[in-house]
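Student: What shape does this take:
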Amino acid sequence: MARYLGPKSRIARKFGEPIFGADKAFEKKKYPPGMHGLTKKRKKTSEYGLQLLEKQKAKYTYGLLERQFAVTFERALRMQGITGQILLGLLESRLDNVVYRLGIAPTRRAARQLVGHCHIEVNGEVVNIPSYSLKAGDIVSVREKSKTLEVITNCVGSRSGSYSWLEWDQSKMAGKFLNMPERELIPESIKEQLIVELYSK
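Tutor: Below is the predicted model of the structure:
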């Protein structure tokens with residue numbers, strides 16, 4: 001299945017929460033998509049259904065395809081520690097996600113596009129792979145030629161909030177990836193244990 005490029009609000013309504021950020025359309029219709037909405041009697045979701053739904057939520061949140069997500073899970077499985085927490089840590093370590101977290105792009109989709117179009121550098125070298133996994137100490141910066149792009153200047157000028165695993169230097173338009181974040185610091189409401197249970201079947 002190719003990457004989903006349709007209405008984000010529809011997906012948010014499917015999961016019952018604004019997984020892509022603030023969404024006026026979602027606020028107006030906080031019920032499942034479809035012509036029946038909440039009027040249709042829905043069967044109780046099975047245990048497998050809940051696990052699958054949680055995996056789908058994580059995939060859509062971070063913008064991964066099925067194979068990419070499975071590969072990331074396998075990588076987390078091989079690492080020492082709690083698999084679910086490591087999985088989320090690896091997802092947070094992706095270059096496109098860090099560009100979004102630093103406030104260089106308004107959404108993860110936009111961050112993926114900036115990376116793909118060679119506007120982002122890692123340790124002074126242009127990297128155009130959104131899934132590039134950052135290591136502690138890596139410097140993520142906006143390419144010199146791209147610092148005047150309207151989408152970047154608007155985002156950087158209105159950036160709010162910060163994360164303890166990231167450092168931001170406004171003057172250089174660069175951020176430092178300090179370390180893989182602990183689970184309690186990641187704001188996404190994903191029940192990672194359900195994902196681990198699904199892949200363990």
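Student: Check which helix or strand the closest residue to Leu102 other than its chain neighbours maps to.
Tutor: Distances taken as CB to CB, 6 or more residues apart in numbering place Gly175 nearest to Leu102, at 4.1 Å, with adjacent residues excluded. No exception for glycine: its C-beta is placed from N, CA and C like everyone else's. Element membership for Gly175 (DSSP states H and E) is strand 174-177.
Student: Which residues does that strand contact?
Tutor: Contact with strand 174-177 is made by 93, 98, 102, 104, 134-142, 165-169, as judged by CB atoms under 8 Å, 6 or more residues apart in numbering.
Student: pLDDT of it, averaged?
Tutor: Averaged across strand 174-177, pLDDT comes to 96.
Student: which stretches of the chain form helices?
Tutor: 8-15, 24-28, 47-62, 66-78, 83-92, 95-101, 108-116, 150-157, 192-199 (DSSP state H).
Student: In terms of secondary structure, what does the fourth one contact?
Tutor: When you say that, I think you mean helix 66-78. Contact analysis of helix 66-78 by 3 or more CB pairs under 8 Å, 6 or more residues apart in numbering; DSSP states H and E lists helix 47-62, helix 83-92, helix 192-199 as its packing neighbours.
Student: re the thing from before, so what sits opposite the residue nearest to Leu102 in the bridge?
Tutor: Val140, Trp168 (DSSP bridges).
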